[in-house]
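**Student:** only geometry, no sequence info:
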Ligand SMILES: Nc1ncnc2c1ncn2[C@@H]1O[C@H](COP(=O)(O)OP(=O)(O)OP(=O)(O)O)[C@@H](O)[C@H]1O
């Protein structure tokens, strides 16, 4: 469970808040989709939740641990996949995964079992002995997902995780997200693809100009609008106003 209370962030000398007084939560046992226009503040919010960027105001608590006051305890709670998978390019895939397992102190037997399971589900087993620089974007993305989930964190935080994945891998990751939430854990992911949010999420949070303009179920969202409006039209309506 993640709880944000009155969280704000302004970058440098900007006179505009990138994130503005956000108070909302990501509950256990569910998938929350985070959607909003370009520059709305999604990545900044995710970077604050994961301790990469420090909020100017407010607090973020992950499974009872404040990310600013107890960063190590809070960081042990989650796995984070950033929107850029182009990292550690000189390492072989298996070396990167062993590095992640070492950082998170995953015991030898468990790391082997999890690497084998994830690599098999993503069709990445044969590529693990090659250098990451030889991987396609989608292969790098899948490797980053495996590295983030190796320590079996209860909270998954994924910044546009499905971008660049082929249909089989996209299906596998969505299935894993559903399984993880069904086991009582929380999954938060950002996406620009409304159909994915519509099919996959228990809750959606819509952000515009740094503020959460809606957070609830799709049924609650639709109930606000009359007729048979598509999620796309609702989204456009909600984010076309400042
Ligand atoms: N490092 C930074 N320095 C200064 N301004 C930044 C920085 N990162 C983001 N911003 C600004 O903060 C605002 C929110 O950006 P952010 O990247 O959080 O949006 P986003 O919703 O993730 O966008 P996108 O959908 O395009 O990825 C934008 O106005 C952006 O220009």
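**Tutor:** Sure thing, it's come through. Remember, it's a predicted structure, so these values are computed and weren't measured experimentally. Numbering: from 1, shown residues only.
**Student:** SS state for the most centrally placed residue in the chain?
**Tutor:** Nearest residue to the geometric centre of the chain (C-alpha atoms, centre = their mean): residue 158, 1.8 Å. Counting by DSSP: H, G, I helix; E, B strand; the rest coil, the backbone at residue 158 sits in strand.
**Student:** give me the beta-bridge partners of it?
**Tutor:** residue 81, residue 189 (DSSP bridges).
**Student:** And for residue 62?
**Tutor:** Under the criterion used (DSSP bridges), residue 62 bridges to residue 2, residue 65.
**Student:** need the contact list for it.
**Tutor:** 1-2, 49, 74, 77-78, 155 (C-beta atoms under 8 Å, 6 or more residues apart in numbering). (C-beta placed from N, C-alpha, C; glycine too.)
**Student:** swap in residue 82?
**Tutor:** 144, 159.
**Student:** rerun at 10 Å
**Tutor:** 43, 46-47, 50, 52, 144, 148, 157-161 (C-beta atoms under 10 Å, 6 or more residues apart in numbering).
**Student:** any idea how far residue 232 is from residue 215?
**Tutor:** Going from residue 232 to residue 215 by C-beta to C-beta, to the nearest Å gives 19 Å.
**Student:** what does residue 155 give?
**Tutor:** 17 Å.
**Student:** Poorly predicted segments of this structure, please.
**Tutor:** The model of the chain has pLDDT under 70 over residues 226-227, 241-242.
**Student:** Quick check: residues of it near the ligand?
**Tutor:** 11-12, 18, 36, 38-44 (C-beta under 6 Å from any ligand atom).
**Student:** Just those residues: which are in strands?
**Tutor:** Among the residues of the chain next to the ligand, no member falls in strands (DSSP state E).
**Student:** will you turn those residues into CSV that also has distance to residue 90 and neighbour count?
**Tutor:** As requested, the residues of the chain next to the ligand are arranged in CSV below (distance: C-beta to C-beta, whole Å; neighbours: other C-beta atoms under 10 Å):
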residue, distance to residue 90, neighbour count
11, 31, 12
12, 32, 4
18, 33, 21
36, 35, 24
38, 32, 6
39, 33, 11
40, 35, 22
41, 33, 23
42, 30, 23
43, 26, 18
44, 30, 22
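**Student:** Can you tell me which of the residues you listed comes closest to residue 96?
**Tutor:** Taking C-beta to C-beta as the measure, residue 96 lies nearest residue 43 of the residues of the chain next to the ligand, at 22.4 Å.
**Student:** correct me, but that closest one touches residue 210?
**Tutor:** No. Counting by C-beta atoms under 10 Å, residue 43 sits too far from residue 210 to count as a contact (11.7 Å).
**Student:** circling back: which of the residues of the chain next to the ligand fall in helices?
**Tutor:** Among these, DSSP state H puts 42-44 in helices.
**Student:** with the residues you listed in mind, which one is nearest to residue 101?
**Tutor:** For those, the nearest to residue 101 is residue 43 (26.4 Å; C-beta to C-beta).
**Student:** tell me the contacts of the closest one?
**Tutor:** Going by C-beta under 10 Å, 6+ apart, residue 43 touches 18, 34, 52-53, 82-83, 159-160, 190.
**Student:** about what we covered before: please check the contacts of residue 82 and keep the buried ones.
**Tutor:** 43, 46-47, 50, 144, 148, 157-161 (16 or more other C-beta atoms under 10 Å).
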